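[1] Here you go, sequence then predicted model.
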Amino acid sequence: MSRSAVSYAADSSTRIRHVLADAWQSVSRRPEAPSAAFLLVLVVVLSIATPGFLSAANLRGIVEQVAVVSIVALAVNQVILAGEIDVSTGSVVAVCAFVYGNIAEMSGGSLVPFLGALATGLLLGLINGVVSTYGRVPSIITTLGALFVYRGLVLLLAGAQVLNLAADSRGFGQGSLLAIPVAIPVAIVVLIGLCLAMDILARHTTLGRNVYAVGGNPRAARMIGLPVSLVRTATFALTGLCCGLAASVMIGQIGQLQATAATGLELKVVAAVVLGGTSIAGGKGSTFAPVIGALLVGVILNAMTLNRVPGTFELLVLGALILLAVSVEGIRSRLRERRPTE
């Protein structure tokens, strides 16, 4: 082999190493990278150690449950990116499901109930946003109060009633989307569509760019004329809309309405967002990261069920995951701040 050929091969090898190194640094710096790596390891371990984990029925169950959490988490991610928080989502979903079920009982079909659930979610989200941003009430207080008010409203109106839906009102859970047959779970179709919409929102709209600016430095955003309160209110409204969407999918899957529907969903949603690497302080995070977080939460809870861990441990695990994710994010943030000076 000639000297020039050896030199060319060495240069090519060096370029490949540099490309791979750059790619690795780019991936490892993404906020969702730790959760994605842990999820991959967890799936491998469970596939080997837990019988039934890879069964088609179990995987479908995980995907359908994760889809409902992800639909809401994608919107709550925008709220947190804007520097606020929403912990009322479980109750908002319950109210939307109540509206969906009662409209379906009166009119039949799935289109009108679906639109009713969306409108209800949008209204409740707007209420949360207006009270929090324009009323200058901290969002944690506003949405915590809303969590109890909305849940109390459903309990008052529905009581112990269990409402079973007719088959034609369960299009979202029985292989059709507004009367259009689909071969894969409808929840996945809806989630993919929502992910694409969120990507367009974040990358190609003024609102999406303003969300990061407002969450990163609200004072500077005000100084340059950005409508901080309007942007934050819009994220709450978006969350309410997605709660209506999630309620339509959920009630279609289970086929019945109970006042306790979606209890605890808000914890799973917050866990999904922070596990996805979104900074709880706002301004930093990825659009799709909550889906990774939701998958991680779903797989962990499913593993607990398969291994017969009592359901009473669910809240403990969710709380520990949230604390762990926030702690890791804080450590990574401090390391990034120190790096330029060292």
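    Ah, there it is.

[2] Quickly find the element holding the residue most central in space within the chain.
    With distances taken as C-alpha atoms, centre = their mean, Ala73 lies nearest the centre of the chain, 1.7 Å away. Element membership of Ala73 [criterion: DSSP states H and E] is helix 56-81.

[3] Any buried residues in that helix, and which?
    62-81 (16 or more other C-beta atoms under 10 Å). For the C-beta atoms, the positions are set from N, CA and C on the backbone; glycine is no exception.

[4] how much space between Ala104 and Phe313?
    35 Å (C-beta to C-beta, to the nearest Å).

[5] Return the residues in contact with Ser162.
    No, residue 162 isn't Ser; it's Val. Gln256, Leu257, Gln258 (C-beta atoms under 8 Å, 6 or more residues apart in numbering).

[6] try 6 Å this time
    By C-beta atoms under 6 Å, 6 or more residues apart in numbering, the contact list for Val162 reads Gln256, Gln258.

[7] And Gly276, by the same measure?
    Contacts for Gly276 (C-beta under 6 Å, 6+ apart) come out as Glu32, Ala289, Pro290, Ile292, Gly293.

[8] now do 7 Å
    Applying C-beta atoms under 7 Å, 6 or more residues apart in numbering to Gly276 gives the contacts Pro31, Glu32, Ser35, Ser286, Ala289, Pro290, Ile292, Gly293.

[9] ok, and the closest non-adjacent residue to it?
    Ala289 (3.1 Å; C-beta to C-beta, 6 or more residues apart in numbering).

[10] Can you mark which positions in whichever strand or helix holds Leu230 are buried?
    Using DSSP H and E, Leu230 maps to helix 228-254. Residues of helix 228-254 classed as buried: 228-229, 231-253 (neighbour count, 16+ other C-beta under 10 Å).

[11] From what I see, Gly215 and Gly282 are in contact.
    Yes - assessed by C-beta atoms under 7 Å, Gly215 is found in contact with Gly282 at 3.1 Å.

[12] More neighbours: which of those two?
    Gly215 (27 against 22; other C-beta atoms under 10 Å).

[13] and the one helix or strand Leu39 maps to, what's its mean pLDDT?
    Taking DSSP H and E as the definition, one finds Leu39 inside helix 33-49. Helix 33-49 carries an average pLDDT of 91.

[14] Show me what that helix is in contact with.
    27, 53-54, 275-277, 292-293, 295-296, 299, 303, 328.

[15] any idea how far Ile85 lies from Met304?
    Distance from Ile85 to Met304, by C-beta to C-beta: 26 Å.

[16] Ile200 is in what secondary structure piece?
    helix 186-204.

[17] chain center to that helix, what's the gap?
    Offset of helix 186-204 from its chain centre (C-alpha atoms, centre = their mean, to the nearest Å): 11 Å.

[18] change the start of the numbering to 42 and stick with it
    New numbering, starting at 42: the last item is helix 227-245.

[19] after it comes which helix or strand?
    By DSSP H and E, the next helix or strand past helix 227-245 is helix 247-257.

[20] ok, residues contacting that next one?
    Contacts of helix 247-257 (C-beta under 7 Å, 6+ apart): 119, 122-124, 242-243, 262, 267, 269, 272-273, 275-276, 323-324.

[21] and if we set it to 6 Å?
    So helix 247-257 is contacted by Gln119, Leu122, Ala123, Gly124, Leu242, Ala243, Ala262, Leu267, Val269, Val272, Gly323, Gly324 (C-beta under 6 Å, 6+ apart).

[22] Appreciated, that's everything.
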